[in-house]
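S.K.: Pasting the sequence and the predicted model now:
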Amino acid sequence: QVHLVESGGGLVQPGGSLRLSCAVSGGILNSYNVGWFRQAPGKEREGLTCMNVHTGKFFYSDSVKGRFTFSKDNAKNTIYLQMNNLKPEDTAVYHCAAGFCGDGSFTPSDYWGQGTQVTVAT
C-alpha cells in the first residue's frame with residue numbers, strides 16, 4: 001500500500017529556511033515521478049517541483065526557481081524540499097505527490113500525502 005507522509009513544516013520569518021521531508025512507502029519511489037505541490041487558501045493548487053523518473057530531469061515553477069531545491073534519498077525512501085529565502089506568499093499547505101512531471105509542469109495524479117503547513121510571517 002502506498003503512503004506519503006510529510007513533515008517539517010512550521011512558522012518561519014521572511015528570509016528564513018525550512019526543509020520538508022516526505023516518507024514514501026509502497027515501493028513507488030523508483031517507478032513514479034514524484035514532487036511537491038502547495039495549496040493556499042483561496043488559491044489554486046500549484047505544482048512546485050518534481051523529478052521525472054525516466055529522464056532524471058527536474059521541473060521548478062517560476063515562483064520557486066532559485067529558492068527551492070528538490071532532492072531524493074532512495075536508501076531512506078524519502079524526498080525533500082529545501083526552501084530558502086521564504087516569502088509570505090509561500091504560506092500554504094505543502095504536499096508531496098506522485099504524478100505527471102513534464103518540462104513545464106507538475107500535476108499530482110496518483111498519490112499524495114496529507115500535507116504540512118508552512119507559514120511565513122514576522
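M.R.: Sure thing, it's come through.

S.K.: Where does the prediction get shaky in this protein?
M.R.: Applying pLDDT under 70 to the chain flags no residue at all.

S.K.: how close does the residue nearest to the spatial centre of it sit to T122?
M.R.: Nearest to the geometric centre of the chain sits W36, at 2.2 Å (Cα atoms, centre = their mean). Distance from W36 to T122, counting by Cβ to Cβ, to the nearest Å: 25 Å. (Glycine included, C-beta is placed from N, CA and C.)

S.K.: Likewise for P108?
M.R.: Taken as Cβ to Cβ, the span from P108 to T122 is 31 Å.

S.K.: Could you do N52 as well?
M.R.: For N52 relative to T122 (Cβ to Cβ), the value is 38 Å.

S.K.: any idea which helix or strand carries the residue nearest to the centre of the chain?
M.R.: strand 34-39 (DSSP states H and E).

S.K.: Please give the centre-to-centre distance between that strand and its chain.
M.R.: Remark: strand 34-39 is offset 4 Å from the chain centroid, using Cα atoms, centre = their mean, to the nearest Å.

S.K.: That one: what's the following helix or strand?
M.R.: Per DSSP H and E, the first helix or strand lying C-terminal to strand 34-39 is strand 46-51.

S.K.: Partner strands of the very next helix or strand once past that next one, with direction?
M.R.: For strand 46-51, the following helix or strand on the C-terminal side (DSSP H and E) is strand 58-60. Partner strands and pairing direction for strand 58-60 (DSSP bridges) are strand 46-51 (antiparallel).

S.K.: For the host helix or strand of A98, name the packing helices and strands.
M.R.: Following DSSP H and E, one finds A98 within strand 92-101. Using 3 or more Cβ pairs under 8 Å, 6 or more residues apart in numbering; DSSP states H and E as the contact test, the elements touching strand 92-101 are strand 3-7, strand 18-25, strand 34-39, strand 46-51, strand 78-83, strand 106-112, strand 116-120.
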